[in-house]
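**Student:** Take a look and give me a structure for this.
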Amino acid sequence: MEKLTLNNKVKIPIIGLGVYQSNPGMETENAVLEALRLGYRHIDTAAIYRNEESVGNAIKKSKIPREEIFITTKLANQDHSDTLKAFNESLKKLQLDYIDLYLIHWPAEQRLNSWKILEKIYESGNAKSIGVSNFTIKHLKQLLEIAKVIPVINQVEFSPYLYQKELLDFCNENKIQLEAYSPLTRGHKLNDKKLIDIANNYNKTPAQILLRWSIQHNIVVIPKSTKKERIKENFDVFNFSIKKEDMKKLDDFNENFRTCWDPSNIP
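**Tutor:** The predicted structure follows:
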């Protein structure tokens, strides 16, 4: 499993399973167990997904040593008033002694105060890394002015159809790893003819091309699926490379296409 090294020297698997909108209970458990069986070692959840407990159950059932699995969860918007309590609740639901990566899920108004608490959690060792999600360049600049600990990750929606190059460049310059959610555009663009044409040249699926494009930009990807065949397909992206000219074509697919919320209007 290919890994990237974060700015605090922690290593993160470049692909993980996202469980956004996976139903709590057996749907999430089975998806996580299947992913772990196939070789995934990175699971991304959040308090707001309401399935942290199911992720924890799957990790337990898998019998895979804890240190081999990278677990991310996130601080929900409504929990900024007591960030430490929210973190401890996530830890309890996941049935873990520590979390590999804890993120501020959204640039909420109290984000700078919450970051100071995340720094304390990091210092305690209960979170091995801390970062943010859905932060624009503006939000990152505000954070970097007060941060004693530089966020290791900014998790945002990212794909060739939402190629946020300025944000990627800013993160790279500041040693913040970019991580892509909805890297498959939630399926909206998988039937795009120009994408299919490129996929056919490599005998790969459109989804595999989208994931490989992110990976070749050194971006961590967390595709979500609960279907066994899709979980397997999404992981089968390490036995080929997209040529330079095709990467350039994919870069030019950008149309600022979002499937999720747009954080750019948040002060």
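**Student:** going forward, measure contacts between C-alpha atoms and count neighbours the same way
**Tutor:** Noted.
**Student:** so where is this structure shaky, pLDDT-wise?
**Tutor:** The model of the chain has no residue with pLDDT under 70.
**Student:** can you map out the strands along it?
**Tutor:** Applying DSSP state E to the chain gives strands spanning 3-5, 11-13, 17-18, 42-44, 70-75, 101-104, 130-133, 153-157, 177-181, 220-221.
**Student:** Adding mean neighbour count and distance to Lys85 as columns, could you present these in CSV?
**Tutor:** Formatted as CSV, these follow (neighbours: other Cα atoms under 10 Å; distance: least, Cα to Cα, whole Å):
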stretch, mean neighbour count, distance to Lys85
strand 3-5, 14, 29
strand 11-13, 18, 26
strand 17-18, 24, 24
strand 42-44, 22, 20
strand 70-75, 23, 10
strand 101-104, 26, 13
strand 130-133, 25, 16
strand 153-157, 24, 22
strand 177-181, 24, 26
strand 220-221, 27, 28
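**Student:** what would those look like in a markdown table with distance to Pro267?
**Tutor:** What follows is those, written out as a markdown table (distance: least, Cα to Cα, whole Å):
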| stretch | distance to Pro267 |
| --- | --- |
| strand 3-5 | 31 |
| strand 11-13 | 30 |
| strand 17-18 | 28 |
| strand 42-44 | 27 |
| strand 70-75 | 19 |
| strand 101-104 | 16 |
| strand 130-133 | 15 |
| strand 153-157 | 17 |
| strand 177-181 | 21 |
| strand 220-221 | 27 |
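**Student:** Looking at those strands, which is nearest to Gln164?
**Tutor:** strand 153-157 (8.9 Å; Cα to Cα).
**Student:** Which secondary structure elements does the closest one sit against?
**Tutor:** strand 130-133, strand 177-181 (3 or more Cα pairs under 8 Å, 6 or more residues apart in numbering; DSSP states H and E).
**Student:** Distance from the chain centre to that strand, please.
**Tutor:** 6 Å (Cα atoms, centre = their mean, to the nearest Å).
**Student:** Partner strands of it, with direction?
**Tutor:** Strand 153-157 has the following strand partners under DSSP bridges: strand 130-133 (parallel), strand 177-181 (parallel).
**Student:** ok, back up a step: tell me which of the helices and strands packed on strand 153-157 sits nearest to Ala35.
**Tutor:** It's strand 177-181; of the helices and strands packed on strand 153-157, that one is closest to Ala35 (Cα to Cα) at 16.9 Å.
**Student:** that older thread, what would the helices and strands packed on strand 153-157 look like in TSV with distance to Ser114?
**Tutor:** TSV is the format used below for the helices and strands packed on strand 153-157 (distance: least, Cα to Cα, whole Å):
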stretch	distance to Ser114
strand 130-133	11
strand 177-181	20
